[in-house]
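Participant: requesting a structural model of the entry that follows:
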Amino acid sequence: MSTALRKGGNASLAKEAGRVVTEVLVGFGWAVAATSGTGFDLDVSAIVGDGDGTVLGEPWFVFFGNAVAPGRAVIHNGDNPAGQGEGNRESLNVRLRRLPALASRVLFAVSIYEAERRRQSFSQVRSAFVRVIDQASGNELVRYDLDERFTDETAVIFGELYRRDGGEWKFRAVGQGYRNGLKDLLRHHRVVV
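Facilitator: Prediction:
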């Protein structure tokens, strides 16, 4: 049974699975309010960072344009520009044992492609969620349904995996928005692309 998190809440992957978890699928979903004209294109990305959330280096920012992190530790499973389908709109695989010792956080963000030009924001996004699925069993371990009311934010950190002392991995529900989109989010975490 999956644990539902609220903003700021966290859960241990090992406790949820009943054993050590080595690989997860992080899935994202959303619905978009009816709009006139241009469709929405939401993009998922991951930032592998140190304890402060600073990216380990450019190859550790994973998105549709850099789909595979070093050692295949994080893999982007493909862009879905039209946001079609049921369940996960986009997803990432994370192989926890392949992450370097310096990696203590993996942030998961969703941003709106060309949001400013298209005059779009997360105020028009509904039913957004992130969920963590154990690859070995296929079971959903944790889920966070974002219930925040965003206004003009165009990028949001949905959640993060973080490593505790002793190597235990946990997932935290974040729900932090950025008004100046992905550029602002990347600048905050010192990602240079």
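Participant: neighbouring contacts of whichever strand or helix holds residue 15?
Facilitator: Element membership of residue 15 [criterion: DSSP states H and E] is helix 13-17. Helix 13-17 is contacted by residues 2-3, 20-21, 24, 132, 134, 137, 139, 141-142, 161, 168-171 when judged by CB atoms under 8 Å, 6 or more residues apart in numbering. Placement of C-beta: from N, CA and C, glycine included.
Participant: so among those, where is pLDDT lowest?
Facilitator: Lowest pLDDT of the contacts of helix 13-17: residue 2, 90.
Participant: number of nearby residues for that one?
Facilitator: 14 (other CB atoms under 10 Å).
Participant: then residue 162?
Facilitator: There are 19 residues near residue 162, going by other CB under 10 Å.
Participant: for the longest helix along the chain, name the packing helices and strands.
Facilitator: Ranked by residue count and defined by DSSP state H, the top helix of the chain is helix 181-188. Packing partners of helix 181-188 (3 or more CB pairs under 8 Å, 6 or more residues apart in numbering; DSSP states H and E): strand 42-49, strand 105-112, strand 155-163, strand 169-178.
Participant: swap in 6 Å and give it another go.
Facilitator: Helices and strands touching helix 181-188, as assessed by 3 or more CB pairs under 6 Å, 6 or more residues apart in numbering; DSSP states H and E, comprise strand 105-112, strand 155-163.
Participant: show residues contacting that helix.
Facilitator: With contacts defined as CB atoms under 6 Å, 6 or more residues apart in numbering, helix 181-188 is touched by 109, 111, 115, 154, 155, 178.
Participant: and those, which two are furthest apart?
Facilitator: Pairwise distances across these (CB to CB) peak at 13.1 Å, for the pair 109 and 115.
Participant: which intervals of this protein have sub-threshold pLDDT?
Facilitator: Applying pLDDT under 70 to the chain flags residues 34-38, 79-87, 193.
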